[in-house]
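After the sequence you'll find the predicted model.
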Amino acid sequence: MQTVWVIAETRDGALKKVSLELISAARSLGSGTVVAVVLGHGLSEPAAALAAGGADRVLVMDDARLATYAPDGWAAALADLAAARRPDVILGAATSRGRDLLPRVAARLGVGLASDAIEVGVDDGHLTALRPIYAGKALAHVAISGRPAMATLRPNSYPVAAGGGGGQLEAVSLGDYHSTVTAGGIETARGARPDVAEADVIVSGGRGMGGPEHFAMLEELADELHAAVGASRAVVDAGWRPHGDQVGQTGKTVSPSLYVACGISGAVQHLAGMKTSKVIVAINKDPEAPIFSVADYGIVGDVFEVVPALIAAVRALSQG
Amino acid sequence: MNIVVLVKQVPDTATRIQDRVTGGGLDLDGVTWVVNPYDEYAVEEALRIKERQGGTVTLIGLGPERADMALKDMLALGADEAIHLKDAAFEGLGSRGRAQVLAAAIRKLPQMPDMVWAGWKGVDEDQGLVPIYLANELGWPHLSFVVELTLEDGKVRVRREVEGGKEILETPLPAVLTAQKGLNEVRYASLKGIMAVKRKVIPVWDAADLALDPSTLSGGGVTVERIERPADRPPGRILSGAPAEAAAELVRLLRSEAKVI
């Protein structure tokens, strides 16, 4: 793989962390040149972060017409650039934007795309990917053909690139631009708490929490751990928590460093969505609950006693 | 407003797929098949739009014999027509090939639809590619992960789910839209609906009906080489003692052993 492109993402003018994870993934392919590509408007900060973050070269398409995201316009701009420069591989993030944009680029280029992968590799000169299927109940090894061969990678699949700095910036101009879709911007939901799909730590609650009002306790714990708050399907279907917080086969599939399951029994549906977390903690009063079968650390007990004790212990740690 | 909804059949989400990994593949013999949950939201939204604005809702299902049942389940909710795309040449097609078949079927309809709806992904292969590939085949814009929708003057304005928020997008029709959980609550079929569907014969279109030469259907560039069972997690440790002790021990282990906090 001589040239690997990484499609960087920004939000509110800042580079998203997953972009630097993609640089690590690109490096792991043993590529000659890792090129980060960033589209948008007002990109000097993210472009500099990519250059410092380990990309050999950064293609910066900075244009007022790209100030807001539009799938068809952005896909055309990116596909035209790729058709002109002919990278061997394009990697993107399996985020709400990457999952929307990269397939359209692949369709325009008529090449293969492995979506939502957790690992990429090279076999006999071809891009390969490891994809969880059935929400992680099974893993598929796939080979991707076409040039460029494309894949989207889940956040938290690779570490942030070590950096190295000194990447070269190159401004790329946007030619004719047409987009049927027009954008009205992003409404940010809640304060500073991260989204479950991207969070490094998730505190999640199930039916055992007893009611929506008791999630305040989990939010308190989440704030101590800089964590997102997740929920089981039962809790979302009961209307206790928004659907965007649901972890599982019909919700988000997550792999944080730490997943704390509180009052979650561990239905197959739920386990599928969080089993790839690096460390799992389960707190449940039923010692037979299936959640304990995937937990690294378990506490059998009442969430209303254990969670407050945990909040106190985490506070003691951060003060000590 | 004429709407097409793509309906896929998937194994019930309670299925222990990990126990069905065998010889580098999956043995799905005897699983319970259900309508892809995200497609149900798409059908529901199409019905709501039809109820407000008039028009038709046509379901299209691409799959083997059993897909007939998924189409009937969704017809029972109140859709007008269903078409089953079935041909030996369609089996095992990749995402791009499936999009080509679906595009051919949509073009064959007596009237081009104003919208095509689908779930944002199938909860089987979890790819989320077919609707976007289809939009590209049709030359239409697409809007994905839709959780809210308003229609006005031939334009559709949506909120789509993004990390920690909602993104607002707008497009003139026709367009392809994909449903995310939270868009609506799916109705139950009425007894009348269920009875009416029993008598219904769903038309089947094959490659010849669609004037498709199977050799021109694209593989899509992604080949599954092998499917494996994910490794079981090593057994964990139960921390005993009073809540305060267990919690303190947990925090200590997370800090010094697991090194995650």
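Nice, thanks for sending it over.

Show the contacting residues for residue 78.
Looking at chain A here, since you left the chain open. When contacts are counted by C-beta atoms under 8 Å, 6 or more residues apart in numbering or on different chains, A:Leu78 touches A:Ile7, A:Val37, A:Leu39, A:Leu101, A:Val105. To be clear about C-beta, it is placed using only N, CA and C from the backbone, and glycine gets the same treatment.

Not quite, go with chain B.
Taking C-beta under 8 Å, 6+ apart as the definition of contact, the neighbours of B:Gly78 are B:Leu47, B:Val57, B:Arg187, B:Gly193.

rerun at 10 Å
B:43-44, B:46-47, B:50-51, B:57, B:187, B:189-190, B:192-193, B:196 (C-beta atoms under 10 Å, 6 or more residues apart in numbering or on different chains).

So what's the gap between stretch A:22-38 and the chain middle?
In terms of C-alpha atoms, centre = their mean, to the nearest Å, the centre of stretch A:22-38 is found 17 Å from the chain centre.

Using PDB, write out every CA atom in that stretch.
Coordinates of each C-alpha in stretch A:22-38 appear next as PDB, following Å, rounded to 0.1, in the frame of the first residue of the first chain:
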ATOM      1  CA  LEU A  22      -7.300   6.500  11.600                       C
ATOM      2  CA  ILE A  23      -3.700   7.700  11.100                       C
ATOM      3  CA  SER A  24      -2.600   4.900  13.400                       C
ATOM      4  CA  ALA A  25      -4.700   2.400  11.400                       C
ATOM      5  CA  ALA A  26      -3.200   3.700   8.100                       C
ATOM      6  CA  ARG A  27       0.400   3.400   9.500                       C
ATOM      7  CA  SER A  28      -0.400  -0.200  10.500                       C
ATOM      8  CA  LEU A  29      -0.900  -1.000   6.800                       C
ATOM      9  CA  GLY A  30       2.800  -0.400   6.300                       C
ATOM     10  CA  SER A  31       2.000   2.300   3.800                       C
ATOM     11  CA  GLY A  32       4.600   4.600   2.200                       C
ATOM     12  CA  THR A  33       2.600   7.700   2.700                       C
ATOM     13  CA  VAL A  34      -0.200   8.500   5.000                       C
ATOM     14  CA  VAL A  35      -2.300  11.400   3.700                       C
ATOM     15  CA  ALA A  36      -5.000  13.000   5.800                       C
ATOM     16  CA  VAL A  37      -7.800  14.700   3.900                       C
ATOM     17  CA  VAL A  38     -10.000  17.300   5.600                       C
END
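
State the pair within the contacts of B:Gly78 that is farthest apart.
When the contacts of B:Gly78 are compared pair by pair using C-beta to C-beta, the farthest-apart members prove to be B:Ala46 and B:Lys192, with a separation of 19.2 Å.

Between these two, tell me which one has more neighbours.
Neighbour tally, B:Ala46 and B:Lys192, criterion other C-beta atoms under 10 Å in any protein chain shown: the higher count belongs to B:Ala46, 30 against 10.

Go through the chain and flag its longest helix.
Just so you know, I chose chain A. The longest helix of chain A (DSSP state H) is helix A:303-319.

if you could check chain B rather than the one you did, that'd help
Secondary structure assigned by DSSP H gives helix B:37-53 as the longest helix of chain B.

in chain A, what residue is nearest chain B?
Among all residues of chain A, A:Gly112 sits closest to chain B, at 2.1 Å; criterion: C-beta to the nearest C-beta.

Excluding sequence neighbours, find me the nearest residue to that residue.
With C-beta to C-beta, 6 or more residues apart in numbering or on different chains as the criterion, A:Gly112 has its nearest non-adjacent residue at 2.1 Å, and that residue is B:Gly221.

Just give me the neighbour total for B:Ala248.
Here the count is done by other C-beta under 10 Å, and B:Ala248 has 20 residues near it.

How about the contacts made by the nearest residue to it once chain neighbours are set aside?
With C-beta to C-beta, 6+ apart as the measure, A:Ala313 is the residue that lies nearest to B:Ala248, at 4.7 Å, once sequence neighbours are left out. Neighbour list for A:Ala313: A:Glu224, B:Pro243, B:Ala244, B:Glu245, B:Ala246, B:Ala247, B:Ala248, B:Glu249, B:Leu250, B:Val251, B:Arg252, B:Leu254 [criterion: C-beta under 10 Å, 6+ apart].

make it 8 Å
With contacts defined as C-beta under 8 Å, 6+ apart, the neighbours of A:Ala313 are B:Ala244, B:Ala247, B:Ala248, B:Leu250, B:Val251.

before we move on, what about A:His243?
Contacts here follow C-beta under 8 Å, 6+ apart; on that basis A:His243 touches A:Val236, A:Gly251, B:Val147, B:Gln180, B:Lys181, B:Gly182.

try 10 Å
A:231, A:233, A:236-237, A:250-252, B:147, B:161, B:180-183.

and which of those is nearest to A:Glu21?
A:Glu21 has its nearest neighbour among the contacts of A:His243 in A:Lys252, at 17.2 Å by C-beta to C-beta.

And the pLDDT for A:Gly73?
On the pLDDT scale, A:Gly73 is placed at 97.

Excluding sequence neighbours, find me the nearest residue to it.
The shortest distance from A:Gly73 to any residue other than its chain neighbours is 2.7 Å, reached at A:Ser179 (C-beta to C-beta, 6+ apart).

What spatial separation is found between the one you found and A:Leu66?
The gap separating A:Ser179 from A:Leu66 is 9 Å, by C-beta to C-beta, to the nearest Å.

what is in contact with those two at once?
Overlap between the contact sets of A:Ser179 and A:Leu66, as judged by C-beta under 10 Å, 6+ apart, is given by A:Gly73, A:Trp74, A:Ala77.

So which of those wins on neighbours?
Sorting those by how many neighbours each has (other C-beta under 10 Å) puts A:Trp74 first, at 26 neighbours.

Over to the residue in chain B positioned nearest to chain A: give its phi and psi.
Chain B approaches chain A most closely through B:Gly221 (2.1 Å), counting by C-beta to the nearest C-beta. As for B:Gly221, its main-chain torsions (degrees, to the nearest 10) stand at phi 80, psi 0.

Please name the residues that touch it.
When contacts are counted by C-beta under 10 Å, 6+ apart, B:Gly221 is found next to A:106, A:109-114, A:127, A:142-147, A:149-150, B:94-96.

What about these, which are in helices?
In this view, the contacts of B:Gly221 that belong to helices under DSSP H are A:Ala106, A:Leu109, B:Ser95, B:Arg96.

If you rank the residues you listed by neighbours, which is first?
For the ones in helices among the contacts of B:Gly221, the largest number of neighbours (other C-beta under 10 Å) sits with A:Ala106, at 35 neighbours.

about what we covered before: and the longest helix of chain B, what does it pack against?
Contact here means 3 or more C-beta pairs under 10 Å, 6 or more residues apart in numbering or on different chains; DSSP states H and E; on that basis helix B:37-53 packs against strand B:2-7, strand B:9-11, strand B:56-62, helix B:67-75, strand B:115-119, strand B:142-152, strand B:175-179.
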